[in-house]
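Asker: Output the structure for:
(chains A and B)
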Amino acid sequence: MASSIRVRANANGDITEVQALIQHPMDTGLVKDAKGELIPAHFIQELKFECNGKDVFVANWGTAVSKDPYVKFSFKGAKKGDDLKISWTDNKGGSDTTTAKIS
Amino acid sequence: MTTTTGPHPTRRLILQGAASVALIGLGNLPFAAGPARAAANDKYPEEAFKQKSEADAIKALYGKTAEPSDKVKLDAPEIAENGGVVPVSVTTTLDKVTSISFFVAENPFALAASYKIPDGTIPGVANRLKMAKTTNVVAIVEADGKLFSATKEVKVTVGGCGG
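Answerer: Got it, this is the predicted structure:
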């Protein structure tokens, strides 16, 4: 299965800009389906970016983050060719990990 | 001590009863004391995400209050046609930023997202949030142990709860 994480990391001088798009329903647990039954909450709780053995960005998310979440941030101290490891875990114990090369 | 031949066999029972009541009373105390302050450590701040009001969520997450600051720049649309996907971003010129959090005041649960900003990461983040209806969005930046906030109202024409 293709990874649920799409990530783009571009180094520009000392600063690396990271954009990530994750495929996830991010169900709030408050919405009803076509049959009128509540769709149980299912959302990413933690998303982590690591580079060169160090956390560079950690997100704690609630249900108010949009479906198929997007996040953008920048950090210093990486260069082109370095690996950026991205992982998430959701409230049902699901998770995914991917590694991207900084370009 | 099974040979309790004394005239007061119930005395022991009464004492035991009193002791267990006292123990239960003590046992409850540690749970009531202080909400989990998860912003400082690595654990997912479960309690903060359950708070309904923005003030309670800030208290549960950080354990203190924020003051408005023009050094926190919150960027959100004036009008969001689709409350399910509202692009919101924050940047700040403050130093020593350790975390950035987003609160949506009128949502069923106010805390939307909380980001840890380690040393070396630029204090700025962009993401997309759901909003149930027209509401204030509050960004909180934790810098040098203090909290600074910026607020902006977003008018939502179609709420983000309809799926």
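
Asker: Near chain A, which residues of chain B are found?
Answerer: Neighbours of chain A within chain B, by CB under 8 Å from any CB of the partner chain: B:38, B:42, B:44-45, B:49, B:84-86, B:89, B:104, B:107-109, B:111-118, B:120-122, B:124-131, B:160-163. Backbone N, C-alpha and C define where each C-beta goes, glycine included.

Asker: My read is that residue B:116 contacts residue A:48, right?
Answerer: No. Contact criterion CB atoms under 8 Å: residue B:116 and residue A:48 do not qualify, at 9.2 Å.

Asker: hey, which strand is longest across chain B?
Answerer: Counting by DSSP state E, the longest strand found in chain B is strand B:146-156.

Asker: For it, buried residues please.
Answerer: B:147-152, B:154, B:156 (16 or more other CB atoms under 10 Å in any protein chain shown).

Asker: cool, and stretch B:96-114?
Answerer: B:97-107, B:109-114.

Asker: repeat for stretch A:86-94
Answerer: Buried, per 16+ other CB under 10 Å, within stretch A:86-94: A:86, A:88-91.

Asker: What lies in contact with the longest strand of chain B?
Answerer: Strand B:146-156 has contacts (CB atoms under 8 Å, 6 or more residues apart in numbering or on different chains) with B:58, B:62, B:64-74, B:76-80, B:83, B:86, B:90, B:92, B:94, B:131-142.

Asker: The closest residue in space to residue B:121 that isn't next to it in sequence bridge partners, please.
Answerer: Counting by CB to CB, 6 or more residues apart in numbering or on different chains, residue B:121 lies nearest to residue A:75, which is 4.1 Å off, once chain neighbours are set aside. In this entry, residue A:75 is beta-bridged to residue A:16, residue B:121, by DSSP bridges.

Asker: ok, residue A:75 to residue B:135 distance?
Answerer: 30 Å (CB to CB, to the nearest Å).

Asker: Now residue B:141: which helix or strand?
Answerer: Assessed by DSSP states H and E, residue B:141 sits inside strand B:135-143.

Asker: Got the phi and psi for the most centrally placed residue in chain B?
Answerer: Residue closest to the mean C-alpha point of chain B, counted by CA atoms, centre = their mean, is residue B:48 at 2.7 Å. Residue B:48 has phi and psi values of phi -60, psi -40 when expressed as degrees, to the nearest 10.

Asker: Test my guess that it contacts residue B:60.
Answerer: Yes. Counting by CB under 8 Å, residue B:48 does reach residue B:60; the two are 4.0 Å apart.

Asker: For my notes, confirm residue A:20 occurs in a strand.
Answerer: Yes. Assessed with DSSP: H, G, I helix; E, B strand; the rest coil, residue A:20 lies in a strand.
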